[in-house]
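**Student:** coordinates for the following, if possible.
(2 chains)
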2 protein chains.
Amino acid sequence: MCNTVLVSDSIDHTLRGSWTQSGAGSARLSAHAVRWLRQRTGIGAETTPAVPSSLVDVPESALPSAARADLVELLGQEHVLTEPAQRLGRAGGMSYSDLIRRRGGHDVAVPDGVAVPADPEQVQLVLELCVRHDLAVVAFGGGTSVVGGVGALRGDKVAVLVLDLARLSRLISVDPVAHVAVLQAGTRAPEAEELLAAHGFTLGHFPQSFERATIGGFAATRSAGQASSGYGRFESMVEGVRLATPAGEWRLGTAPASAAGPDLRQLAIGSEGTLGVITEVAVRVRPVPVETRYEAVVLDGWQAGAEAVRALAQSRALADVTRLSDEDESEVQFELSGAAKSRALRTLLRTRRIAEPCLLVLGWHAATRQELDERRERTFRALRRFRSVGLGRRVGESWRDNRFSGPRQRDTLLDLGACVETLETATYWSGISELRSSVRAALLRNLEVDGRRPVVMCHISHAYETGASLYFTVMGLRDGQDPLGQWDRAKRAATEAIADSEHATGRGTITHHHAVGTDHRPWLREEIGGLGVEVLAAVKRTVDPTGVLNPGKLIP
Amino acid sequence: MCNTVLVSDSIDHTLRGSWTQSGAGSARLSAHAVRWLRQRTGIGAETTPAVPSSLVDVPESALPSAARADLVELLGQEHVLTEPAQRLGRAGGMSYSDLIRRRGGHDVAVPDGVAVPADPEQVQLVLELCVRHDLAVVAFGGGTSVVGGVGALRGDKVAVLVLDLARLSRLISVDPVAHVAVLQAGTRAPEAEELLAAHGFTLGHFPQSFERATIGGFAATRSAGQASSGYGRFESMVEGVRLATPAGEWRLGTAPASAAGPDLRQLAIGSEGTLGVITEVAVRVRPVPVETRYEAVVLDGWQAGAEAVRALAQSRALADVTRLSDEDESEVQFELSGAAKSRALRTLLRTRRIAEPCLLVLGWHAATRQELDERRERTFRALRRFRSVGLGRRVGESWRDNRFSGPRQRDTLLDLGACVETLETATYWSGISELRSSVRAALLRNLEVDGRRPVVMCHISHAYETGASLYFTVMGLRDGQDPLGQWDRAKRAATEAIADSEHATGRGTITHHHAVGTDHRPWLREEIGGLGVEVLAAVKRTVDPTGVLNPGKLIP
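**Tutor:** Presented below is the predicted three-dimensional model:
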């Protein structure tokens, strides 16, 4: 019925092994994986452990005592944190540069204090207090920003306060008829799923940061989860937003759709803490799927793979999870999982004339077995005209089981002396392969150290009718002398390649789901125009007249 | 296999007859229809023809001669219109109040001149000219606004110029790989479909205003078409927008999705000519469907009908067109089409214990017969648990064939002395029936004349997972003494009912797809908050510092 060959159970079983996702998997790497990485990239010749955080030199808190006293009066002693370890624990996010700085114990922007309000009302009062005392304020959820979005920058203020939303972790309401739930912004994704599951619902938002990231952070950064092909980007799940701003509280969203002027929710979503602090989000939820199925397919080469995903997207046949790895990412996945050693797999690929294996992971969530079967059938029908090999369920399930472990594995790689980081973009189908090539080239060129080139991997994990995201992961030898400069040059070159990628329809966006933060800020003007920047600045002046909210982020 | 009884071909044929859509159909009404309406509402006792437009008293143009000269120099003599008939032809939109004023020949806000630029560059120059000469400027596409959106209001300016986009009617580009087309803003929907069809594509946007409305108007008003369940609201089709503003040109949209800060496209979309004049729109297009099928089903009562549509929406089983009429709208449809006289139909309804027939029109568009069959099967599977009678294809097809004729039929009704108008809202499923009741009650109460009550019809034509739109049509006896006051009171009462409709999740929006214009402006503050209004005003000051763009609309 379909061009895809399903492998036999025994091969399926063989492949499971220690299969891990792209450069991810469990925190530990197998001996084979380490050997292979060393041979391929030079990583692992020496180990570079992190400086223990107890040895990091944390500057004195500049929080004025009057401000501290007011905070204590408002929140209670135990919810105003000024100890060095407490402040260091909210110093920045999870980008490679953040990690390198913290591992090295220097140049870490440490906040002068941490406020932990209990509810939206207290958040509002903290903001008003910050205005009164002229404190910069950085909203902090899971701290998983990889673009400098939660760096404790002081701007022109007297001190910088982190507003930790950890206590805003309640499920406020569930409307089982409308399928809408209201969650507080500090609720972490696993807790949100647990709270919703008790009512039979799921949000279906599974980014790689899932284990730590929060509902408010998803909204503030326009997050996209790994199942976005089925559940949509986070902004498409948002029905309403409650925001604390220095100019007062702001509630947005009344109905599922509206023509009552511009959609101002879309100003709050993606505002990255610069236009207000999101305190509650009303989200569309779905019944927990009764049936799920993950499987993997191999296609022949990036070009065919991208065409296949385009065919799925344009014939409305996408699986809820649709994730295509390019040749290099697939190679890493086969090597790190041990699957590359499988003779059965090699034979199968040769038989099917798959010269350049590209892995396609597919996952469906459905209410009934019939629905799942129909949707799966629809996906495979659209794949018929592409030469492929089916790898069965175990590889797909193994990907699912390991899909959040990337961040943990990164620490292992950093210990091995790696430069390991990701960046992402999106563009229209007509320019996707060219953009992938130019970004790859920029990364390869700029990360070379001692004649060793990194491995540059790429995948499509978010597909739309008109285009898709491109997600790059680099793993290479760290420049021990100048690790930050090494990545900075590569990131700059890659972002220039994205910004210069004008083609028939549009070009690459500087970020598809990581947000702007500090790292993409220099390129925002090019993306939204000078007038766009002026508009954002005007909005900011309206809601944050003295500029206390997250200075130095987003708005150039 | 399914609970729906498909009627025999002969009944199907009987029903076709002169079947028309809710109070719509061809411009002429059958003798039976007129009799029935007279008996039901009192309409038609006397005829009230319109004052010929040649007799309307058009005020002198206040356009300063220097401004006129500059316009002529810029656009050429033939593209600067100042004759009374030319100006009257662009005086306001198509609301009942607009029509009553024009039919009565008084209180019509007539522009002082009409500029017809050739391209986006000329639009930009016209705006700069308007700033220089302090002219208000009203962007004008199809002139189909039903909320006062294109009324020629002068504000505090010396004169008001209509900027007619009729010459911006080109298809700029089609990207057959990305499925993206760029259309100029003045392109009318039928022309857009024709231009796209030459490349094998369709936009799939079919609002009732289809025959006259323009691409730019769709974007400026957050339009939703009758097939929105399949193709999405217009804003979900927009990839990019090119805007002329007094502060310069603004291009928005680079990629299919982005996390580069707030989505500023969503400020341009729905800006109703107050933040700029949209000159080009990049839209997602789809291949022209190879197979289409329309059919109709009768469900028992509004409650069951709404539950059925909710079931479809929440199990992703919606047909591309999904349109549920309430009991009154269904009655009118059965009566005006002559179907009410069908003994076969009456028997069928009785047999199936359908006490309060509610008509559900379903339409599917698909690339293949198999896809169509599968989607249709999926829809009917979700409908299984609702008692229903299938009316077959002819009724559905007849609805499709007549779906744009409502506006034409309205003139006939106005001649018959009717007060005939529509209004719409949307809310979450948990509040939908209560909202329908309260709006119905407000309309019934406030439109009564001489003891005669109107017929108030309602349908759901846009369904979402979390809720749906409610579209009301009233047909009743016009208050000959005070026709504008009669409607104004009813509209006000209905809108108050919407604004006060707080329930478990959200409330009604003041408009789901008609936009704000002048008519909903008093309620916008309640919808987006005081801060929302301040934000819009700040954005407007940035892009339109002297306030020439469409004064008196949208922003309170």
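**Student:** residue most distant from the centroid, chain A?
**Tutor:** A:Ala66 (38.2 Å; C-alpha atoms, centre = their mean).
**Student:** hmm, it is touching A:Asp134, no?
**Tutor:** No. Assessed by C-beta atoms under 8 Å, A:Ala66 is found out of contact with A:Asp134, at 11.1 Å. C-beta: built from backbone N, CA, C; applies to glycine.
**Student:** how's chain A carved up into domains?
**Tutor:** The record's domain parsing of chain A by automatic domain parsing lists A:4-47+A:289-406, A:54-164, A:171-255+A:264-287, A:408-512.
**Student:** could you pull out the strands for the stretch 201-350 of chain A?
**Tutor:** A:201-202, A:238-245, A:248-252, A:277-284, A:286-287, A:291-300, A:321-325 (DSSP state E, counting those that start in this stretch).
**Student:** I'd like the domains of chain A written out as JSON lines, with mean pLDDT added.
**Tutor:** As requested, these are exported to JSON lines (pLDDT from 0 to 100):
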{"stretch": "domain A:4-47+A:289-406", "mean pLDDT": "85"}
{"stretch": "domain A:54-164", "mean pLDDT": "96"}
{"stretch": "domain A:171-255+A:264-287", "mean pLDDT": "97"}
{"stretch": "domain A:408-512", "mean pLDDT": "95"}
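**Student:** how close does the residue nearest to A:Asn446 when sequence neighbours are not counted get to chain B?
**Tutor:** What sits nearest to A:Asn446 in space, not counting adjacent residues and going by C-beta to C-beta, 6 or more residues apart in numbering or on different chains, is A:Ala490, at 3.9 Å. Between A:Ala490 and chain B the computed distance is 20 Å (C-beta to the nearest C-beta, to the nearest Å).
**Student:** if I look at A:Ala490, how far off is A:Gly417?
**Tutor:** According to C-beta to C-beta, to the nearest Å, A:Ala490 stands 16 Å off from A:Gly417.
**Student:** so those two - more neighbours on which side?
**Tutor:** A:Ala490 (24 against 21; other C-beta atoms under 10 Å in any protein chain shown).
**Student:** helix or strand: which one has the more buried one?
**Tutor:** helix A:483-499 (DSSP states H and E).
**Student:** and that helix, what's buried?
**Tutor:** Residues of helix A:483-499 classed as buried: A:483, A:486-487, A:489-491, A:493-495, A:497-499 (neighbour count, 16 or more other C-beta atoms under 10 Å in any protein chain shown).
**Student:** again with stretch A:60-75
**Tutor:** A:61, A:63-64, A:67-68, A:70-71, A:74-75.
**Student:** again with stretch A:534-553
**Tutor:** A:534-536, A:538-540, A:542-544, A:547-553.
**Student:** ditto for stretch A:373-384
**Tutor:** For stretch A:373-384, by 16+ other C-beta under 10 Å, it's A:374-376, A:378-383.
**Student:** gap between that stretch and the chain center?
**Tutor:** 28 Å (C-alpha atoms, centre = their mean, to the nearest Å).
**Student:** residue in the stretch 1-150 of chain A with the shortest distance to chain B?
**Tutor:** A:Val147 (9.0 Å; C-beta to the nearest C-beta).
**Student:** how is that residue assigned, secondary-structure-wise?
**Tutor:** coil (DSSP: H, G, I helix; E, B strand; the rest coil).
**Student:** rewinding a little: now, the buried residues of stretch A:373-384 that are in helices?
**Tutor:** A:374-376, A:378-383 (DSSP state H).
**Student:** any idea how many residues pack against the closest residue in space to A:Arg400 that isn't next to it in sequence?
**Tutor:** In space, and not counting its chain neighbours, A:Arg400 is closest to A:Tyr294: 4.7 Å by C-beta to C-beta, 6+ apart. By other C-beta under 10 Å, 22 other residues sit near A:Tyr294.
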